[in-house]
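1. Next comes the sequence, and after it the predicted model I'd like to discuss.
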Amino acid sequence: MLLALALLSSLHAAPVALADSVAGTWQITGDVAGNPLKELCTIKQSGTTLTGSCTNESGGPYEVTGRVDGAKITFSHGGDYQGQALTMSYSATLAAPRALKGSIDVQPFGVSGTFTATPAPAKP
């Protein structure tokens, strides 16, 4: 009986452990409508709320806002494409102890794509 309770407790705690893994600096690579994507994002977490910033070849830093709901992670940030403001929205799950995989939606362009995020290498 005690073993069953311990197993149930550890299963219930698993989403919290996943959510705790989101904070840090992430290297994001992906593809949006045939265009390569490369960003560096620093994510901070307070409870289920995400904040931080991202930079990419177009500029930045762009302010990040988002949420963690169990193993589901969503965040977004603004940006610019040839002088037009845009919003990049990410939806991901923790695919490994320290990797995110998911989809990107870019508005107002109505295009989407996929991405993978891994911890950025530490600066020497």
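-> Sure, I can see it.
2. Give me the residue ranges of the protein where confidence is low.
-> 1-20, 124 (pLDDT under 70).
3. switch to 90 and redo it
-> 1-21, 57-59, 70-71, 80-83, 94-98, 121-124 (pLDDT under 90).
4. For this structure, which segments count as strands?
-> Remark: strands assigned in the chain by DSSP state E are 24-32, 35-46, 49-56, 59-69, 72-81, 84-96, 99-107, 111-119.
5. Quick check: can you name the pairing partners of the second one and their directions?
-> The reference is to strand 35-46. Its sheet considered, strand 35-46 pairs with strand 24-32 (antiparallel), strand 49-56 (antiparallel) by DSSP bridges.
6. next one: the last one
-> Here strand 111-119 is paired, per DSSP bridges, with strand 24-32 (antiparallel), strand 99-107 (antiparallel).
7. Those into JSON lines, with extra columns for distance to Ser76 and mean neighbour count?
-> Glycine gets a C-beta too; all of them are placed from N, C-alpha and C. What follows is these, written out as JSON lines (distance: least, Cβ to Cβ, whole Å; neighbours: other Cβ atoms under 10 Å):
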{"stretch": "strand 24-32", "distance to Ser76": "13", "mean neighbour count": "17"}
{"stretch": "strand 99-107", "distance to Ser76": "9", "mean neighbour count": "17"}
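8. circling back to that earlier point, which stretch among the strands paired with strand 35-46 comes nearest Gln107?
-> When those are compared by Cβ to Cβ, strand 24-32 sits nearest Gln107, at 11.6 Å.
9. now what about that closest one, what contacts it?
-> For strand 24-32, contacts defined as Cβ atoms under 8 Å, 6 or more residues apart in numbering pick out 36-43, 54, 100, 104, 106, 111-121.
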